[in-house]
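Enquirer: Provided below for reference: sequence and predicted model.
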2 protein chains.
Amino acid sequence: MKISGSREGTHWQSCHDCTARGFAICAALNNTELRELAQLSRHVRFESGATVFAQANIATSFFSVHKGILRIYKLLPDSRRQIVSFALPGDFLGLSTLPRHEFSADAIGRVALCQVAKESFATFSENRPRLLCRMMELAGRELARAQEHIVLLGRRSAEEKIASFLIGWRDRLNGIGRDGEILTLPMKRLDIADHLGLTIETVSRTFSKLERGGVIQIFAGGVVLLDAARVESLSAGVS
Amino acid sequence: MKISGSREGTHWQSCHDCTARGFAICAALNNTELRELAQLSRHVRFESGATVFAQANIATSFFSVHKGILRIYKLLPDSRRQIVSFALPGDFLGLSTLPRHEFSADAIGRVALCQVAKESFATFSENRPRLLCRMMELAGRELARAQEHIVLLGRRSAEEKIASFLIGWRDRLNGIGRDGEILTLPMKRLDIADHLGLTIETVSRTFSKLERGGVIQIFAGGVVLLDAARVESLSAGVS
DNA sequence: CTCCGGCGATGATCTGCATCAACCACTTCA
DNA sequence: TGAAGTGGTTGATGCAGATCATCGCCGGAG
């Protein structure tokens, strides 16, 4: 297992026209502030599969996802894994201010992140209420998603879990302006299983079942929701 | 089913010497601010079992728990229930700023809450970075708890779930200065089941099993952790 | 070209927890 | 004093999903 990824200090185009700006905490900043924050941050890239940081390690930085997708997960001592969420462009990693990382994060495909030292960020943000409000907004959304996921894990069947996951994933992609006929699923079956509290076999079987029922169509790397309404009603827990 | 509780506008002693002050968002306020916030808020009480607010209703207020315990839950259309968390004194309800309640909350035993209209609170907080930081702190903690619960629901056995719950509950009570030989469990078996993604029977059986093993001792309304170390290791997921 | 390793699908079997059904201890109320 | 309700425990049985095993596909290395 790769423990650390390749970091390069490569800077992309200015924060001003960052593609994730509208979704990230940066949306709350004016141009001056944006430039100021850019001074404090560096841009880092990781190769597919690389670990950005690991649970229980000292957290020295915050990250904001610029490009790519990460899996956010926790491990039990006997190596059972639970993927808490997938992080998308605009997502902020490190909302909790504890001294150690609460979870591990690694790259699914290549990712690019903005990194800011915790201390710098703390002094930068502490007298900028608009930024703090924006962070509260993101934190609230994240919390709402976590609570929805708690319902999914605690009270839904395998089929409902898959359906909810597909709908939730579609909506999140839409939220960052990625819609389209085909719903891309860049993560592996094992990732989906560890996210939904299932095994890889159950995930596979459930996908097959939905395809046999004409509800979805499976491609390499994604699915098409042939009958989106049906997926939605399964996802809602009706029938 | 009771839908709304008995509300009385009864004010208790000033916010200044509120027993929950140290745990609540109010810890970030000085005496002047505290008095100012007190102007905007009212104190409300609910009887045991009363619903404070219900999922999907318009959210007009924030609440801060002063006394008592609430269950925070979501319902599926077919009435499956998932208790997302239990709210204790100091907990803030409504961190997410969405227009509608994300979940329902009802009283376990009698509760007393501080209620503030969302708008008043928004204008009060928007230029008070210390308060916003405090809210971020609470939100971060809440998020961390939710993520831990996601691991519990997704990847732990019934016995581990019960053990984790007992340890987590003990630690939360300790956090607000309620420790003691006997660990009080004011919620019913059904609440515990709906919190841990189990049935009432499995909860009961697992408690019995732990008692038979000499690990805990069951009382009406609580348990004693005879072998706390054992409960902790079960809770950690080590065999 | 073949070999190999990663990934996904699928069949057979097993099992942890749900489900169904009593039953008990208390409490409330007639 | 007993009938009915509430909350919890326990036993018997069933099933959804885990586990174990096999197979096929595909892409990269030699």
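Expert: Great, that's in hand. Numbering: from 1, shown residues only, chains lettered A, B, ... in the order given.
Enquirer: Distance from stretch A:201-212 to the middle of the chain?
Expert: Mean-position distance between stretch A:201-212 and its chain equals 24 Å (CA atoms, centre = their mean, to the nearest Å).
Enquirer: do it and DNA strand D meet at all?
Expert: Yes - looking at stretch A:201-212 against DNA strand D by CB under 7 Å from any atom of the strand, the contacts come from A:201-202. Using the backbone N, CA and C atoms, a C-beta is placed for each residue, glycine as well.
Enquirer: Would you tell me whether that stretch gets close to DNA strand C?
Expert: Yes - counting by CB under 7 Å from any atom of the strand, DNA strand C has neighbours in stretch A:201-212: A:201, A:203-205, A:207-208.
Enquirer: Flag every buried residue along that stretch.
Expert: Neighbour-count burial for stretch A:201-212 flags A:202-203, A:206-207, A:210 (criterion: 16 or more other CB atoms under 10 Å in any protein chain shown).
Enquirer: which ones among the residues you listed are found in strands?
Expert: Among these, no member falls in strands (criterion: DSSP state E).
Enquirer: Turn those into a markdown table, including pLDDT.
Expert: Converted to a markdown table, the buried residues of stretch A:201-212 look like this (pLDDT from 0 to 100):
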| residue | pLDDT |
| --- | --- |
| A:Thr202 | 98 |
| A:Val203 | 98 |
| A:Thr206 | 98 |
| A:Phe207 | 98 |
| A:Leu210 | 98 |
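Enquirer: and A:Ser85, that's in a helix?
Expert: No - assessed by DSSP: H, G, I helix; E, B strand; the rest coil, A:Ser85 does not belong to a helix; its assignment is strand.
Enquirer: Is the nearest residue to it once chain neighbours are set aside bridged to anything, and to what?
Expert: The shortest distance from A:Ser85 to any residue other than its chain neighbours is 4.9 Å, reached at A:Ile72 (CB to CB, 6 or more residues apart in numbering or on different chains). On the basis of DSSP bridges, A:Ile72 takes part in beta bridges with A:Ser85, A:Ala105.
Enquirer: List the residues that contact A:Ile72.
Expert: By CB atoms under 8 Å, 6 or more residues apart in numbering or on different chains, the contact list for A:Ile72 reads A:83-87, A:93, A:103-105.
Enquirer: Report the two of the residues you listed separated the most.
Expert: A:Ile83 and A:Leu93 (14.2 Å; CB to CB).
Enquirer: quick revisit: sort out for me which of the buried residues of stretch A:201-212 are in helices.
Expert: Cross-referencing these against helices under DSSP state H gives A:202-203, A:206-207, A:210.
Enquirer: ok, the closest residue in space to A:Arg230 that isn't next to it in sequence - how many residues close by?
Expert: Spatially, and ignoring its direct neighbours in sequence, A:Arg230 is nearest to A:Val215 (5.0 Å; CB to CB, 6+ apart). A:Val215 has 21 neighbouring residues, counting by other CB atoms under 10 Å in any protein chain shown.
Enquirer: Quick check: the gap between A:Val215 and A:Glu232.
Expert: From A:Val215 over to A:Glu232 the distance is 11 Å, taken as CB to CB, to the nearest Å.
Enquirer: Save the contacts of A:Ile72 as a markdown table, and put in neighbour count, distance to A:Leu190 and pLDDT too.
Expert: A markdown table is the format used below for the contacts of A:Ile72 (neighbours: other CB atoms under 10 Å in any protein chain shown; distance: CB to CB, whole Å; pLDDT from 0 to 100):
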| residue | neighbour count | distance to A:Leu190 | pLDDT |
| --- | --- | --- | --- |
| A:Ile83 | 24 | 9 | 98 |
| A:Val84 | 25 | 15 | 98 |
| A:Ser85 | 20 | 16 | 98 |
| A:Phe86 | 21 | 13 | 98 |
| A:Ala87 | 24 | 18 | 98 |
| A:Leu93 | 22 | 22 | 97 |
| A:Phe103 | 23 | 17 | 98 |
| A:Ser104 | 21 | 15 | 98 |
| A:Ala105 | 25 | 17 | 98 |
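Enquirer: so which of these comes closest to DNA strand D?
Expert: Using CB to the nearest atom of the strand, the shortest approach to DNA strand D within the contacts of A:Ile72 belongs to A:Ile83, at 13.7 Å.
Enquirer: OK, contacts around the closest one?
Expert: If you count contacts by CB under 8 Å, 6+ apart, then A:Ile83 has A:71-73, A:191, A:194-195 around it.
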